[in-house]
Structure formats: C-alpha cells, structure tokens
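S.K.: could you work out the structure for the sequence below:
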Amino acid sequence: MVGPPPGTTRLTFRRWSVGDGRLATELWGDPQVTRLITATGEMSPSEIAERLHAEIDIEREHGVQYWPMFLHDGTFIGCCGLRPRDRAVWELGFHIRSDLWRNGYAAESATAVIAHAFGPLEAAALFAGHHPDNRTSQHLLERLGFHHTHDEIYEPTGLMHPSYLLVDPGGR
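M.R.: I've put the predicted structure just below:
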C-alpha cells in the first residue's frame, strides 16, 4: 500500500481513521462544501459517517482515498486525493473547508497528489470533474493541465459535470 503523498511546504497528509468523525463533520457538514457534491446540498450525520467509512474502505481496497490534510500547526484544511476510475486512471478530487477557500490549498494539495499519482502509483492519466457552477474548480483544473473531454452525469448531484483528463506530463 502506497499511502498518502508526502507533504508540501504548508500541508501534511494522512489517512482517515474511524476516530475522525469531528473532522468529517467539519468538512462534509458544511453546506457551502456539500452544495457542490450532493443533490440535496447537505449531508446528514449518518451520511457523513458513511462517507468517512467509505474513504477508509477505499484505501483498504485500493490504497488511495481523499486523504485528510492539515497545516503544519495541525489546522484541518479538508481532503485531497484519488479514487479508482479505470485501469491505470485515477480520479482526482479535493474538498476544502469553506472558511479556508482562496488560500491556494486546493492547488497545492492537488499538485502534490498529481505528483504522487504519476510517481509511486504509476498512473497513466488522471480524471477530474467539477460541479457545473464551480468555475473556481474549472479554472484550477485547467491551470493544473487538465483538458476538458466531455460532460458526464455525476450521480451524487444528478447533474452533468464537466469532465477532464490529464495525461502523465512526464510521459512515463
């Protein structure tokens, strides 16, 4: 199991654990965050617990998850990581606490996860999508080198989400 990516100048990553309910609630209990990832715009306490356990299960099965991330002083920022999509293609995603938006954490964490995916995980490509109203994520994905390929239904929101691909920039 490869585990989370190495940290950055500001961020550290680790695995979710069953004791992280408070952190999960801080993130997925925030309607500003969940309006972009769920059809109802919110997650109940049981849905948050299910999401936390799903992250743990995904890592157990595939060695990846949306890893929780922290500033070096211990401040919880959100999560950024990978999901299995297709053979040799991982899906990149990030959720940042809304009170910490516009600090560059999504770009910094995504850059670290991209390097991890194309490095130790030997991904051939990365997929990413975003809520159709989330122009900030669109611009970030484009800055990271992703190219729009199509729109596809994202079941949790029931909407067509713009979808992108990033082929290994190192050509490995």
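
S.K.: please enumerate the strands of this structure.
M.R.: 11-13, 66-71, 76-86, 89-96, 125-129, 147-154, 159-167 (DSSP state E).

S.K.: counting contacts, what elements does the longest one pack onto?
M.R.: Just to be clear, that refers to strand 76-86. Applying 3 or more CB pairs under 8 Å, 6 or more residues apart in numbering; DSSP states H and E, we find strand 76-86 packed against strand 11-13, helix 21-28, helix 45-62, strand 66-71, strand 89-96, helix 105-118, strand 125-129. Where C-beta positions appear, they are placed from N, C-alpha and C, glycine not excepted.

S.K.: excluding chain neighbours, what is closest to residue 145?
M.R.: residue 166 (5.3 Å; CB to CB, 6 or more residues apart in numbering).

S.K.: how about the contacts made by residue 43?
M.R.: 28-29, 34, 51 (CB atoms under 8 Å, 6 or more residues apart in numbering).

S.K.: before we move on, the earlier item: could I get the helices and strands packed on strand 76-86 as a markdown table with distance to residue 151, mean neighbour count and mean pLDDT?
M.R.: Listed next are those as a markdown table, based on distance: least, CB to CB, whole Å; neighbours: other CB atoms under 10 Å; pLDDT from 0 to 100:
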| stretch | distance to residue 151 | mean neighbour count | mean pLDDT |
| --- | --- | --- | --- |
| strand 11-13 | 30 | 20 | 97 |
| helix 21-28 | 25 | 18 | 98 |
| helix 45-62 | 24 | 15 | 96 |
| strand 66-71 | 22 | 22 | 98 |
| strand 89-96 | 15 | 21 | 96 |
| helix 105-118 | 21 | 21 | 97 |
| strand 125-129 | 9 | 22 | 97 |
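
S.K.: for residue 2, find the nearest of the strands of the chain.
M.R.: strand 76-86 (10.0 Å; CB to CB).

S.K.: what is the orientation angle of the closest one with strand 66-71?
M.R.: Strand 76-86 runs at 150 degrees relative to strand 66-71, counting by axes from the mean of the first three to the mean of the last three CA atoms, to 10 degrees.

S.K.: now do the buried residues in strand 76-86.
M.R.: Residues 76-83 are the ones in strand 76-86 that count as buried (16 or more other CB atoms under 10 Å).

S.K.: strands paired with it, and their directions?
M.R.: strand 66-71 (antiparallel), strand 89-96 (antiparallel) (DSSP bridges).

S.K.: chain center to stretch 33-51: distance?
M.R.: Relative to the centre of its chain, stretch 33-51 is centred 15 Å away, using CA atoms, centre = their mean, to the nearest Å.

S.K.: err, stretch 154-169, not the other one
M.R.: Put simply, stretch 154-169 sits 12 Å off its chain's centre (CA atoms, centre = their mean).
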